[in-house]
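J.: Build me a model from this:
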Amino acid sequence: MRANLRPVLQARGVRVHERAADRVAAIHRCADVLEEIGAVHPAYREAMLDREWAMSTYLGEGVAIPHGLDMSRALVRHDSIVVLRFPEGVDWDGDTVTVCVAIAARGDGHVELLAALAQILLDPARARALREAGDPETVIALFRDEEQP
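T.: Prediction:
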């Protein structure tokens, strides 16, 4: 069964022209957007930073997946993901991140998202399209393609 990402990935949660001085600033931007769309309590921000210090959320292919610790699930108001693109790149402890896919999940719904993201990253052309996306619609289309049988 393919992921149904419609409820968790919406255009208002996709930003393609972000800037951040470092990974901490990038995580703060991710938390800002999660808060703006009403997905998380403000304290979730600290949980995202705690997760990063416990284990880097760098995934590879220029992508990081900031998210909170398991104990922070109570701070999630509704499952959501936001996608922030940093065209100039962000130093992520020696790697360069151009896309952050931040996750807020109360349960295990994010597992389907990670599977969809993995499929995108395993295809070099689609991974490049994600890193270079110039508008929210392109990002959403890449993830929604994973919903098709």
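J.: Quick check: buried residues in the helix or strand of the chain with the lowest mean pLDDT?
T.: Sorting the helices and strands of the chain by mean pLDDT, DSSP states H and E puts helix 110-122 at the bottom, at a mean of 80. Going by neighbour count (16 or more other CB atoms under 10 Å), the buried part of helix 110-122 is H110, E112, L113, L114, A116, L117, Q119, I120, L121. From N, CA and C alone the C-beta is placed, and that goes for glycine too.
J.: Show me what it is packed up against.
T.: When contacts are defined as 3 or more CB pairs under 8 Å, 6 or more residues apart in numbering; DSSP states H and E, helix 110-122 sits against strand 58-60, strand 95-104, helix 124-132, helix 136-144.
J.: Apply 10 Å and report the result again.
T.: On a contact count with 3 or more CB pairs under 10 Å, 6 or more residues apart in numbering; DSSP states H and E, helix 110-122 meets strand 58-60, strand 63-64, strand 80-92, strand 95-104, helix 124-132, helix 136-144.
J.: Out of those, which is closest to R15?
T.: Among the helices and strands packed on helix 110-122, the nearest to R15 by CB to CB is strand 80-92 (4.8 Å).
J.: got the angle between the closest one and helix 124-132?
T.: Strand 80-92 and helix 124-132 are oriented at 90 degrees to each other (axes from the mean of the first three to the mean of the last three CA atoms, to 10 degrees).
J.: Report the contact partners of the residue nearest the centre of the chain.
T.: The centroid of the chain falls nearest to V101 when counting by CA atoms, centre = their mean (1.1 Å). Applying CB atoms under 10 Å, 6 or more residues apart in numbering to V101 gives the contacts 9, 30, 57, 59, 63-67, 81-84, 110, 113-114, 116-117, 120, 130, 139, 143.
J.: thinking again about what came up before, relative to G13, which of the helices and strands packed on helix 110-122 is closest?
T.: Closest approach to G13 among those (CB to CB): strand 80-92, 3.9 Å.
J.: what bits of the chain have low per-residue confidence?
T.: Judged against pLDDT under 70, the low-scoring parts of the chain cover residues 1-7, 109-110, 145-149.
J.: Right, I'll call it a day here.
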